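**Q** Provided below for reference: sequence and predicted model.
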Amino acid sequence: MNFKLITLNRLFLVILLIGLFAFGSMLIIFSYSDNFRVWFIENSVNTENLKLDIKGQTILEIGWQPELTLNNISIKNTVWPSPENLAQIDKLSLQFSISRLFHGDIFINDLSISKPELFLLKNKKGDANWRFSGSKADAYALELPVIFENLHIVSGIFHYYDEIRDMNFEGDIDSLKGSGGWQLPITIESKGSYQHKTLNIQAAAGSYAELRSENNPYPVKLNMVFGQTEIAIRGTVTHPLQAPDPKLKLSFAGDDISELFPLIGIPLPPSPAYKITGDLSRQDRTWRFDNFNGEIGHSDLQGTVLINPTRELLYFDMDLFAKTLDLADLSGFIGGEPNLTDQSVTEDNALIPERHFNFKQIRAANGKARLRATNILNKEIPLSNFDGQISLNKGVLTFEPVTFGIDDGRINLWMSAYGSQNPPDVDIQINVIDLPLSKLIGEVKDIQNTLGKINGKLKIKGSGNSLKDILSSANGEAYLVQYDGKISALIVELIGLDIFHALGYYISGDIQIPILCAIVDVDINNGIGKSKTLLLNTKDSVVHGNGYLSFKNETFEVAMTPYPRDFSPLTLRSTLNVSGTILKPKFSIDPLSTLMLLPPIDIGEVEKIDCQKMIRGAKD
């Protein structure tokens with residue numbers, strides 16, 4: 001029995017010696033054979049889908065902190081035919097601690113990566129080429145955490161194409177430096193660019209010991225500069241390695257809020273300078289930004305924003321409120337320039353914005369947003385009670401509706417822009433309900449005495465990438481009607497060039513005369529609106545007119561001919577012409593009429609006009 005025990009001990013010793021010899025031989029071969037190192041590393045990493053290819057020389061410096069250098073590396077996802085490589089690295093050097101392996105950690109003393117280039121792709125199914133099923137690293141990701149003491153990346157480039165959103169993103173890293181330790185805070189500093197804008201990042205967090213602790217929240221801090229945008233994050237994350245529960249304070253400021261799109265994925269309209277601060281948290285897959293206060297231009301902003309980036313398309317839900325809203329700050333919605341001090345004048349003296357909407361961004365997300373405001377700043381017309389609701393669904397942008405008040409009246413705007421088409425088709429409808437004419441006219445003393453309410457509708461279909469293109473191709477109709485109002489008698493007589501009566505009102509004082517009806521009925525074809533009916537019917541006179549307005553070049557011409565109901569010795573029966581561009585109108589009088597020394601004989605009452613019938617005709 002003792003003989004058998006001795007034999008087993010000797011056999012075990014022989015096996016152990018053979019194992020140690022084999023392991024030692026492998027270490028020697030690994031240390032001195034470049035081909036063996038390449039074979040060993042590639043086969044240790046490669047899986048069914050992941051392929052590591054080391055084309056250059058490998059160098060190993062032996063010690064308790066060995067340093068391994070790999071040159072000319074490529075990483076492929078074999079499931080994806082293109083791009084050919086997921087990543088290419090010119091040079092990778094890492095120095096690691098053997099002693100720390102006995103503590104259950106992979107401790108990287110120094111990792112240096114030179115000239116890495118990433119080619120990232122997400123297809124229409126939502127699959128990404130950087131996700132590997134069955135990767136050997138996945139099984140040990142939590143059991144063997146990697147600790148980096150020093151990290152250096154220089155001259156890096158990345159490309160990202162999202163087929164679902166049909167969008168390309170590109171960036172580069174001039175330099176990235178990171179440091180940390182088991183008991184030392186982790187810091188990262190990076191300089192580079194993203195989407196052709198400067199991107200600089202400074203980040204700091206707790207130590208690796210704090211990261212693995214489940215007792216205390218993990219502190220994080222980040223400062224980012226992206227173009228003219230500045231972002232700051234402060235706060236803590238509970239359970240960062242399992243189910244992260246962040247409680248963060250987020251603030252961001254910049255010259256134009258639309259520049260946030262490459263960072264957050266939400267299409268936002270151009271804006272004036274802004275600054276917003278609030279709380280950032282996460283529940284399941286949804287990020288929540290709330291309790292925020294901010295300023296955009298001359299407007300304040302509060303509310304809640306929800307973002308779920310895990311759906312096929314990013315989904316957002318915004319509920320916003322402004323105590324004071326400057327209407328000029330919303331001009332980016334129609335292609336205007338929010339930072340201009342005077343929105344009515346552009347370099348080419350055009351009123352209609354020609355700036356293109358970014359429909360590619362509109363196709364990149366789904367969601368809805370609502371903005372409400374009570375006090376509205378607007379130079380021309382006193383507005384109130386703004387309530388705008390918009391939605392995005394598979395490239396279709398819908399205003400449903402946008403409403404605001406003028407005194408007791410309302411304006412409702414509906415719009416649908418079909419961004420999946422190129423150029424997009426756009427449907428627009430505007431309803432005008434009981435708008436007080438005196439509020440629309442402004443501060444001209446005599447005209448301001450005009451009373452009454454107008455109602456109407458604009459309904460058009462167009463196509464294009466800018467408001468200019470949409471209106472220039474528009475087809476549809478529009479009408480405005482007014483009845484039971486009053487107008488300055490002085491204005492009516494001046495329109496009719498009745499010098500005798502106008503002089504009398506000027507001396508004795510103006511009065512108001514009833515408006516029996518006023519009608520504007522227009523057909524719009526291929527961007528040109530032509531009047532079917534243009535009528536002002538009062539107890540004193542009837543004014544007939546006709547004209548056109550071209551959205552293509554913003555020119556118009558209107559001719560108005562008055563027909564007095566009473567005789568005046570100084571009436572110059574004439575046609576008043578208004579023409580030119582929208583921003584530069586010109587007034588003239590038909591010279592053939594003014595050459596007449598005596599007014600034509602008034603036959604008395606002009607043709608009786610059926611206002612109700614004409615109003616019904618305009619609405620139909």
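**A** Looks like it arrived, so ask away.
**Q** residues near Ile406, how many?
**A** Here the number of neighbours of Ile406 (other CB atoms under 10 Å) works out to 22. Using the backbone N, CA and C atoms, a C-beta is placed for each residue, glycine as well.
**Q** is it true that it touches Leu435?
**A** Yes. Under the criterion of CB atoms under 8 Å, Ile406 makes contact with Leu435 at 5.3 Å.
**Q** my read: Trp481 touches Thr533, true?
**A** Wrong residue type there; residue 481 is Val, not Trp. No. Taking CB under 8 Å as the definition, Val481 is not a contact partner of Thr533, at 9.7 Å.
**Q** Those two: which is more packed in?
**A** When Val481 is set against Thr533 and neighbours are counted by other CB under 10 Å, the residue ahead is Val481, at 23 against 17.
**Q** Tell me the secondary structure at that one.
**A** Here Val481 takes the strand state, with states given by DSSP: H, G, I helix; E, B strand; the rest coil.
**Q** Please pull out the lowest mean pLDDT helix or strand from this protein.
**A** In the chain, the helix or strand scored least confidently by mean pLDDT, DSSP states H and E is helix 499-508, which has a mean of 41.
**Q** Show me which positions of the helix or strand Gly278 falls within end up buried.
**A** Using DSSP states H and E, Gly278 maps to strand 274-283. For strand 274-283, burial by neighbour count (16 or more other CB atoms under 10 Å) applies to 274, 276, 278, 280-282.
**Q** quick one: contacts of that strand?
**A** Strand 274-283 is touched from outside by 233, 235, 244-254, 257, 287-297, 301, with contacts defined as CB atoms under 8 Å, 6 or more residues apart in numbering.
**Q** now do 6 Å
**A** Taking contacts as CB atoms under 6 Å, 6 or more residues apart in numbering, the residues outside strand 274-283 that touch it are 246-248, 250-253, 257, 288-292, 294-296.
**Q** partners of that strand, with directions?
**A** Next to strand 274-283 in the sheet, as set by DSSP bridges, lie strand 245-254 (antiparallel), strand 286-296 (antiparallel).
**Q** All the strands of the stretch 401-550 of the chain, in order from the start?
**A** 409-418, 425-436, 453-463, 475-482, 485-488, 512-525, 528-538, 541-550 (DSSP state E, counting those that start in this stretch).
**Q** Tell me which of the ones you listed is the most buried.
**A** strand 485-488 (a mean of 21; mean count of other CB atoms under 10 Å).
**Q** just the contacts of strand 274-283 now: which is nearest Gly456?
**A** Ile296 (31.5 Å; CB to CB).
**Q** Excluding covalently adjacent residues, which one is nearest to the closest one?
**A** Across the structure, with CB to CB, 6 or more residues apart in numbering as the measure, the residue nearest Ile296 apart from its sequence neighbours is Tyr274 (4.2 Å).
**Q** Now Arg37: which helix or strand?
**A** Under the criterion of DSSP H and E, Arg37 resides in helix 34-45.
**Q** Give me the helices and strands touching that helix, please.
**A** Counting by 3 or more CB pairs under 6 Å, 6 or more residues apart in numbering; DSSP states H and E, the packing neighbours recorded for helix 34-45 are helix 2-32, strand 50-54, strand 58-61.
**Q** Which positions in that helix come out as buried?
**A** Applying a neighbour-count criterion of 16+ other CB under 10 Å, the buried positions in helix 34-45 are 37-38, 41.
**Q** Turn those residues into JSON lines, columns for distance to Val402.
**A** Written out in JSON lines, the entries for the buried residues of helix 34-45 read as follows (distance: CB to CB, whole Å):
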{"residue": "Arg37", "distance to Val402": "66"}
{"residue": "Val38", "distance to Val402": "64"}
{"residue": "Ile41", "distance to Val402": "61"}
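**Q** and of the residues you listed, the nearest to Asn72?
**A** Here the nearest of these to Asn72, counting by CB to CB, is Val38; it sits at 10.9 Å.
**Q** Now do the same contact list for that closest one.
**A** The neighbours of Val38, taking CB under 6 Å, 6+ apart as the test, are 54, 58.
**Q** Give me the pLDDT value at it.
**A** In this prediction, Val38 carries a pLDDT score of 74.
**Q** can you check the one 5 residues further on too?
**A** Per-residue confidence at Asn43 stands at 79 (pLDDT).
**Q** How about Phe289?
**A** What the model reports for Phe289 is a pLDDT of 96.
**Q** for the one 4 residues further on, same thing?
**A** Per-residue confidence for Asn293 comes out at a pLDDT of 93.
**Q** all helices for the stretch 301-450 of the chain, in order.
**A** Across the stretch 301-450 of the chain, reading from the start of the chain, the helices by DSSP state H, counting those that start in this stretch fall at 359-362, 437-441, 445-448.
**Q** what about Lys55, how many neighbours?
**A** The local packing of Lys55 (other CB under 10 Å) involves 11 other residues.
**Q** Verify the stated contact: it with Asn72.
**A** Yes. Between Lys55 and Asn72 there is a contact under CB atoms under 6 Å: 4.2 Å.
**Q** host element of the residue nearest the centre of the chain?
**A** The residue at the geometric middle of the chain, judged as the C-alpha nearest the mean C-alpha position with CA atoms, centre = their mean, is Leu268 (1.8 Å). Applying DSSP H and E as the criterion places Leu268 outside every helix and strand.
**Q** quick one, phi/psi of it?
**A** Note on Leu268: backbone dihedrals following degrees, to the nearest 10 are phi -120, psi 150.
**Q** How about the one 4 residues further on?
**A** When quoted as degrees, to the nearest 10, the phi and psi of Pro272 stand at phi -80, psi -180.
**Q** Skip the chain neighbours and tell me the closest residue to it.
**A** Nearest in space to Pro272, with sequence neighbours left out and distances taken as CB to CB, 6+ apart, is Gly297 at 3.5 Å.
**Q** do Thr561 as well
**A** For Thr561, the spatially nearest residue (CB to CB, 6+ apart) is Thr575, at 4.7 Å.
**Q** pLDDT wise, what is the one you found at?
**A** Value listed for Thr575 in the pLDDT field: 74.
**Q** And for Leu260?
**A** As predicted, Leu260 sits at a pLDDT of 94.
**Q** Which of the three states applies to it?
**A** Remark: Leu260 carries the secondary structure label helix [criterion: three-state DSSP].
**Q** any low-confidence regions in the stretch 1-150 of the chain?
**A** Filtered on pLDDT under 70, the stretch 1-150 of the chain yields the residue ranges 1-34, 36, 100-105, 133-145.
**Q** So which residues of the stretch 51-200 of the chain form helices?
**A** For the stretch 51-200 of the chain, the helices identified by DSSP H, counting those that start in this stretch occupy 98-101, in order along the chain.
**Q** Check the burial of Gln242 by counting its neighbours.
**A** Burial of Gln242, expressed as a neighbour count using other CB under 10 Å, amounts to 9.
**Q** ok but it is inside a strand, no?
**A** No. When three-state DSSP is applied, Gln242 is found to be coil, with no strand at that position.
**Q** For the nearest residue to Thr310 once chain neighbours are set aside, give its distance to Ile307.
**A** Leaving aside its sequence neighbours, Thr310 sits nearest to Arg285 (CB to CB, 6+ apart; 4.6 Å). Applying CB to CB, to the nearest Å, the value for Arg285 to Ile307 is 10 Å.
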